[in-house]
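Colleague: I'd like to go over a predicted model; first the sequence, then the structure.
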Amino acid sequence: MGYKYKLNEMSKKASAEDAEKELGIPKSKFEVGQVTVSDDGTSQSTITNIDPDTGAISWKIKQLPGFEKLYDEVDDFVDVAKRVYQKTKDDKKFREFYEQARKIRNSIRTHLRNEYPDQYKRIVNISEINENEEPSNKVEGAALILPRGKEVILQAEEQDYKRGLLVELTNKGGYKIKYWYGDDVKVYPAEVEVDGESIKKDAIEVDILFHPELEEGHHEDKDVEEISMSGGAGAYQTPYAFRLPKKKKKKIDENKKNPGATLGPGPAAGEDGVSDNAYVKQFKYKLVPKNKDGTYVQKGSGLEVKKLY
């Protein structure tokens with residue numbers, strides 16, 4: 001179905017210097033018939049004449065609906081609604097407002113993509129991924145660069161279902177990942193596995209935070225491989241994302257027998273904790289002794305000790 005929108009036109013004339021500022025084009029590149037669209041998509045300017053004597057520029061301005069402005073501001077609305085509901089978790093109504101805002105945004109995007117494909121392509125190229133300007137540090141094989149602070153919709157390549165992931169590179173540097181399903185890109189709970197171990201059956205949001213500080217000359221791929229996520233509608237499973245290598249995992253399994261030994265730099269912990277430290281050696285503190293039940297109880301204490309596990 002075709003849609004029409006009302007357009008209003010006006011004309012302007014100015015010096016080459018003033019036209020350069022208003023049109024955002026270097027005056028050396030002015031040409032009759034040249035078209036520019038404002039960043040918010042509310043107007044389109046077409047150069048109609050260049051005076052050969054004075055160099056004055058004439059152009060025609062056409063008022064446009066402002067799809068770019070709508071796209072950006074509804075995105076901002078969703079971001080604000082999300083922040084409000086996260087800060088008022090006891091108020092279920094704000095969660096509903098956030099979900100409604102997401103649905104409206106997704107409906108607008110779908111309508112623009114289907115009914116105004118040229119304008120939609122322009123919006124996406126400007127707002128999210130500029131296909132003509134690849135970052136200089138883009139690695140070979142990278143499908144896209146995640147924009148910081150924006151939630152990106154990734155859709156699975158399949159015909160029977162519409163589903164995928166919402167991924168955001170946060171302003172702090174971590175990643176937020178959610179599983180979505182359906183035409184309205186609704187978020188559903190999904191099972192989360194880490195290193196082959198199920199962590200939660202109905203996780204809504206997965207946060208990937210910071211890796212340990214790497215030694216000079218070491219790269220992330222030596223210490224980190226992937227994490228897996230599965231679940232949601234139709235037993236959807238994504239490729240692994242981050243998991244420790246086998247040799248690293250083996251080391252962790254060994255440390256489970258003595259978990260205190262992996263707390264970081266310094267003396268290793270024994271069965272009764274860390275005894276080789278400044279508190280014991282320098283300040284002459286003593287570890288609390290165990291009783292016959294294997295419970296740590298200060299000698300002479302009248303406190304009743306109950307084991308919880």
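Modeller: That came in fine, so what should we check first?

Colleague: Residue ranges of each domain in this structure, please.
Modeller: Taking automatic domain parsing as the reference, the chain has its domains at 9-65, 68-127, 151-237.

Colleague: Show me what counts as buried in stretch 95-112.
Modeller: For stretch 95-112, a neighbour-count test (16 or more other Cβ atoms under 10 Å) marks Arg95, Phe97, Tyr98, Glu99, Ala101, Arg102, Arg105, Asn106, Arg109, Leu112 as buried. (C-beta placed from N, C-alpha, C; glycine too.)

Colleague: Show me what that stretch is in contact with.
Modeller: 67, 70-71, 74-75, 77-78, 81-82, 84-85, 119-120, 123, 183-186 (Cβ atoms under 8 Å, 6 or more residues apart in numbering).

Colleague: from those, which would you call buried?
Modeller: Applying 16+ other Cβ under 10 Å to the contacts of stretch 95-112 flags 67, 70-71, 74-75, 77-78, 81-82, 85, 119-120, 123, 185 as buried.

Colleague: Just flag the most distant two among those residues.
Modeller: The largest separation in the buried ones among the contacts of stretch 95-112, counting by Cβ to Cβ, is between Tyr85 and Gln119 at 30.8 Å.

Colleague: about what we covered before: among the contacts of stretch 95-112, which lie within helices?
Modeller: Of the contacts of stretch 95-112, the ones assigned to helices by DSSP state H are 67, 70-71, 74-75, 77-78, 81-82, 84-85, 119-120, 123.

Colleague: does Tyr296 have beta-bridge partners, and which?
Modeller: Lys290 (DSSP bridges).

Colleague: Put together CSV for the domains of the chain, with mean pLDDT and distance to Lys286 on each row.
Modeller: Listed next are the domains of the chain as CSV, based on pLDDT from 0 to 100; distance: least, Cβ to Cβ, whole Å:
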stretch, mean pLDDT, distance to Lys286
domain 9-65, 87, 70
domain 68-127, 87, 45
domain 151-237, 74, 33
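
Colleague: Figure out which of those is closest to Glu304.
Modeller: So among the domains of the chain, domain 151-237 is nearest, using Cβ to Cβ, at 35.4 Å.

Colleague: follow-up on the earlier one: may I see the buried residues of stretch 95-112 arranged in CSV, with secondary structure and distance to Ala16 as well?
Modeller: Formatted as CSV, the buried residues of stretch 95-112 follow (DSSP: H, G, I helix; E, B strand; the rest coil; distance: Cβ to Cβ, whole Å):
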residue, secondary structure, distance to Ala16
Arg95, helix, 54
Phe97, helix, 50
Tyr98, helix, 49
Glu99, helix, 51
Ala101, helix, 45
Arg102, helix, 46
Arg105, helix, 41
Asn106, helix, 44
Arg109, helix, 39
Leu112, helix, 35
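
Colleague: Dump the domains of the chain into CSV; add distance to Glu140 as well.
Modeller: Conversion of the domains of the chain to CSV gives the following (distance: least, Cβ to Cβ, whole Å):
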stretch, distance to Glu140
domain 9-65, 32
domain 68-127, 22
domain 151-237, 14
